[in-house]
Structure formats: structure tokens, C-alpha cells
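>>> Below are the sequence and a predicted model; questions follow.
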Amino acid sequence: MIGSLRLRLFLVLLGATGAVWIAAVTWIYASSQRELEHVLDTRLQEAARMVVSLVGSMEGHVPETLPTLSTPPSPGNYERQLSCQVWSVQGRMIARSGGAPEQKLSDQVSGFSERQIDGEAWRVYAAEDAEKGFRVLVGDRLGLRDRLVTDLIKGLMWPALLIAPVLGLLIWISVGRGLRPLQTIASDLRCRDADDMSAVDASRTPSEVKPLTQALNALFDKVALARRHEREITAFAAHELRSPLTALKTQAQVALAANDPAVSRAALQQILLAVDRATRLVRQLLTLARLDTHAEVDDRARVPMRALIEDVVRATPRADDIEVTIDDDLRHVVWSGNRECLELAIRNLHENAVQYMRGAGQVSWRTGDTAATVLVEDTGPGVAADELDKIGQRFFRGRNKSVVGSGLGLAIASLAVERSGAGLQLANRSDRSGFRAEITLRPDR
């Protein structure tokens with residue numbers, strides 16, 4: 001396979017030009033042969049009629065012999081192309097032109113015919129004067145006709161062969177000029193730093209190159225967004241992990257220095273809380289990184305929603321005074337989607353509802369207005385009205401933040417729901433204080 005685009009275009013254009021030239025020569029050959037045969041046949045007719053007129057103009061009957069007929073030589077290599085014979089109707093040769101064969105050119109009474117004489121093919125036209133009692137045969141060799149057409153084609157081919165190198169050079173230069181915008185873009189990219197994700201200037205590029213520049217600019221935007229997310233995650237992770245690690249160290253020092261068992265126990269409980277917060281943050285960061293890596297999830301399966309929610313509820317720790325209810329109608333809801341993404345969304349929504357509860361409360365899972373929606377509602381403080389549009393952003397915790405939260409739960413839930421081909425709506429409850437999340441997905445039919 002040819003690796004150079006310039007060489008590939010050059011060969012394609014050169015081959016196309018050669019194919020067009022060959023087709024044109026073939027067409028010219030066929031049409032010229034057809035037109036030449038028509039012209040030469042017309043000349044045979046005119047020559048035969050002229051001889052008939054000359055011989056017929058003699059008074060009385062045609063004599064037994066006539067002087068040798070002569071035809072004016074043609075210029076170039078085609079002299080004595082026409083041959084003429086005059087025969088009596090009884091089959092006796094009266095006269096013939098110089099160069100004409102002694103054998104009768106044709107047995108045809110009148111009209112055109114073809115005949116082999118001494119190994120040569122002849123085209124003959126016969127004209128008869130029955131009143132004077134003679135017949136005129138005028139013919140020419142078909143080989144000469146073919147040579148006329150061949151010489152015509154040679155006259156066309158030789159200039160083409162001489163022009164071909166010049167044409168190839170012009171095509172090579174033209175292809176190079178046509179590919180110059182690509183070379184400009186490549187030169188611009190080579191000169192860039194690794195951190196330069198600015199858009200490629202496409203204002204002066206041809207329309208055929210603009211899709212490439214647009215795709216490059218879209219790729220630069222994606223890479224810049226991914227790097228920004230990476231920097232944000234690294235920065236926020238370092239900030240968020242600093243607090244639980246500092247608390248771990250402080251509480252460990254308190255536990256070691258305290259002589260009172262109650263103080264040591266309280267310090268150990270705080271250590272457990274700090275470990276839980278750090279563990280949850282690390283798990284969420286790993287989950288977020290995995291979801292960011294996969295743009296689309298194709299492996300869909302039938303997922304019973306009640307069984308999935310029950311598994312998540314059992315695996316999520318909560319305070320004893322928080323009640324979790326699961327509507328029986330969820331037993332009939334089976335969704336078609338990626339189970340891992342749905343489980344991530346359900347778990348993070350449930351953890352968010354449980355951890356933001358203030359004291360006793362209730363978390364309920366139920367179906368929405370249709371079988372394509374699942375709702376989770378809590379009786380917590382909800383979200384401040386001025387912060388609703390920021391809910392779901394990474395590391396945003398708001399004023400009603402929990403002790404162990406990191407601001408990633410709803411961001412992970414939104415991304416996981418999106419990867420599964422569903423939609424997520426977040427809002428405060430309208431009937432009382434609390435928060436609600438609604439997942440919408442196509443039900444499995």
C-alpha cells in the first residue's frame with residue numbers, strides 16, 4: 001500500500017488522465033475509420049461515374065480496346081490508391097489503369113463489394129452502362145484505408161507521449177499545492193507545546209480540509225476537558241483527604257495521650273469516622289475515573305429494579321432511626337440497561353439520601369407516574385433554592401453538607417445514569433422538606 005498521499009493522488013490523477021486519453025483515442029479511431037470509409041466509398045462512386053461518363057461519351061459502341069487509363073497520383077505515400085477497370089458486358093477487359101490488377105476486381109454488376117485478389121482485400125464499386133455495353137470497376141486496397149487511420153492515430157499519440165512528462169510534472173506540482181493546507185496544519189501542530197490545546201485556525205483552509213480541522217479542534221476540547229477534570233479531581237482529592245488524614249492523626253494522638261477510657265473510646269470513634277470518609281472518597285474517585293474512561297456502555301441486560309435496590313439498601317450502613325421503604329410495585333419494573341451503571345447510580349443516590357439526613361427520617365423508593373421512572377425521596381433538609389442548579393457538580397457539597405460527604409455522590413449518579421442511556425432529575429420535594437431524585441429509563445419490553 002502506498003504510504004504517501006501525494007504520490008497516491010498523483011498516480012490516481014495520472015491514471016485517470018491516461019484512461020481518458022486512451023478512451024479519446026479509441027473513440028477517435030472508431031469514428032475516423034467510419035468517416036474515412038464513408039469518404040472513400042463516396043470517392044469510389046464519383047470516380048466510377050466519371051469514368052462511365054467519359055467512356056459513354058464516345059460516339060457509337062465502345063471499342064474493343066482503350067488507351068491505358070491513368071489516375072492522378074495522390075501526394076505522400078498514397079499514390080495510385082485507386083485502380084480502375086473497364087469491362088464489356090460479355091466479360092472482356094477493355095481497359096485498366098496503371099497499377100490495377102489484371103484479374104477482375106469484382107463480379108458485382110453494380111454497387112459495392114469486397115474481394116480478395118492476390119492476397120489483398122479490395123473495396124470495389126461497380127457501375128454499368130447497359131446501352132453502351134460496358135461496366136466500370138473502381139477499387140482501392142483496404143490495407144491502405146487501415147494505414148490511413150493508423151497514421152492518423154500515430155499523429156495523435158506522438159504529441160501525447162511528448163506531453164506526458166510535462167503533464168505529469170504539472171499534476172505533481174498541483175497535488176503538492178493542493179496538499180499545502182495539510183502541511184501547514186502539520187507544521188503548526190509540530191511547533192506546539194504539549195499543553196497547547198488551542199483550536200486550529202480553519203478560516204483559510206479548503207472545505208475538504210475543514211472536517212479534519214473541526215475533528216482536531218473537537219479532540220483538543222475533549223482532551224482539555226479531560227485534563228481539567230483530572231486536575232480538579234487531583235486538587236479536590238488532595239484537599240478532601242487532608243481533613244480525614246489530619247483528623248486520624250489528631251484523634252490517634254488523643255487516644256494515646258488520654259488516661260480516661262471514655263476519652264480514648266471517643267477518639268477511636270472519630271478515627272473510624274475519618275477512615276469511613278477517606279474510604280468513601282477514594283472509592284468515589286475510583287468510580288468517577290472509571291466512568292470518565294468509558295464514554296459509552298453497550299452491554300445491556302434485563303435488570304429487576306426491586307432486587308437491585310434491596311441489594312444496595314442491605315449493603316449501605318445507616319443509623320437505626322432512619323427508615324427505608326421500598327414500594328412493592330417495583331417488583332414489576334424490569335429495565336434494560338447496564339447493571340453496573342444502574343447499581344452505581346442507585347447506591348450513590350441512596351447513600352446521599354441516608355447521609356444527609358438530620359436525625360430520624362425516612363428514605364423511600366417507589367415508581368413514578370410510569371414504569372419508566374423510579375423515585376427516591378428523603379425527609380432531610382433538602383437543598384437551598386440558590387444551590388439547586390449546582391447540585392450534581394463535582395465536589396459541590398452546599399450548605400447542608402454531611403460529615404462524611406465529599407460532593408461526588410450525585411455527580412457519580414448523574415454520570416452513571418447517562419452512561420446507561422437514562423436521565424436523572426434532581427429537585428426538592430414539593431409536599432414537605434426533603435430531596436427527591438427521579439431516574440427515567442426505557443423499560444424492557
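That came through fine.

>>> Can you spell out the domain ranges of this protein, please?
The chain resolves into domains spanning 5-71+79-166, 227-293, 301-440 when parsed by automatic domain parsing.

>>> Pick the most buried one from these.
domain 301-440 (a mean of 18; mean count of other CB atoms under 10 Å). C-beta coordinates here come from the backbone N, C-alpha and C atoms, glycine included.

>>> circling back to that earlier point, mean pLDDT lowest for which of the domains of the chain?
Lowest mean pLDDT of the domains of the chain: domain 227-293, a mean of 73.

>>> all strands of the stretch 201-350 of the chain, in order?
Assigned by DSSP state E, counting those that start in this stretch, the strands in the stretch 201-350 of the chain fall at 301-304, 322-326, 334-337.

>>> Tabulate the ones you listed (TSV), appending distance to Ala226.
Putting these into TSV (distance: least, CB to CB, whole Å) gives the following:
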stretch	distance to Ala226
strand 301-304	29
strand 322-326	37
strand 334-337	25
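
>>> So Pro381 sits against Arg432, correct?
No: counting by CB atoms under 8 Å, Arg432 is not a contact partner of Pro381; they are 11.3 Å apart.

>>> So for Val124, which of the strands of the stretch 201-350 of the chain sits nearest?
strand 334-337 (86.8 Å; CB to CB).

>>> now that closest one: how far from the chain's centre is it?
Remark: strand 334-337 is offset 33 Å from the chain centroid, using CA atoms, centre = their mean, to the nearest Å.

>>> which other helices and strands contact it?
Applying 3 or more CB pairs under 8 Å, 6 or more residues apart in numbering; DSSP states H and E, one finds that strand 334-337 contacts strand 301-304.

>>> Which secondary structure elements does the strand it packs on sit against?
By 3+ CB pairs under 8 Å, 6+ apart, strand 301-304 packs against strand 334-337, helix 339-355.

>>> Give the next helix or strand downstream of the last one.
Counting by DSSP states H and E, the element after helix 339-355 in chain order, helix or strand, is strand 361-367.

>>> want to try CSV for the domains of the chain, with distance to Lys210 as columns?
As requested, these are arranged in CSV below (distance: least, CB to CB, whole Å):
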stretch, distance to Lys210
domain 5-71+79-166, 17
domain 227-293, 25
domain 301-440, 30
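
>>> nearest to Pro211, of the ones you listed?
Nearest to Pro211, of the domains of the chain and by CB to CB, is domain 5-71+79-166 at 15.5 Å.

>>> So which residues of the stretch 201-350 of the chain form helices?
210-257, 261-293, 305-315, 339-355 (DSSP state H, counting those that start in this stretch).

>>> Could you dump those helices into a markdown table with distance to Gln183 added?
Below are these laid out as a markdown table (distance: least, CB to CB, whole Å):
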| stretch | distance to Gln183 |
| --- | --- |
| helix 210-257 | 13 |
| helix 261-293 | 34 |
| helix 305-315 | 55 |
| helix 339-355 | 44 |
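
>>> For Thr370, find the nearest of those helices.
helix 305-315 (13.1 Å).

>>> Please name every helix or strand in contact with the closest one.
strand 322-326, helix 339-355.

>>> As JSON lines, these with distance to Val109 would be great.
Converted to JSON lines, the helices and strands packed on helix 305-315 look like this (distance: least, CB to CB, whole Å):
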{"stretch": "strand 322-326", "distance to Val109": "112"}
{"stretch": "helix 339-355", "distance to Val109": "97"}
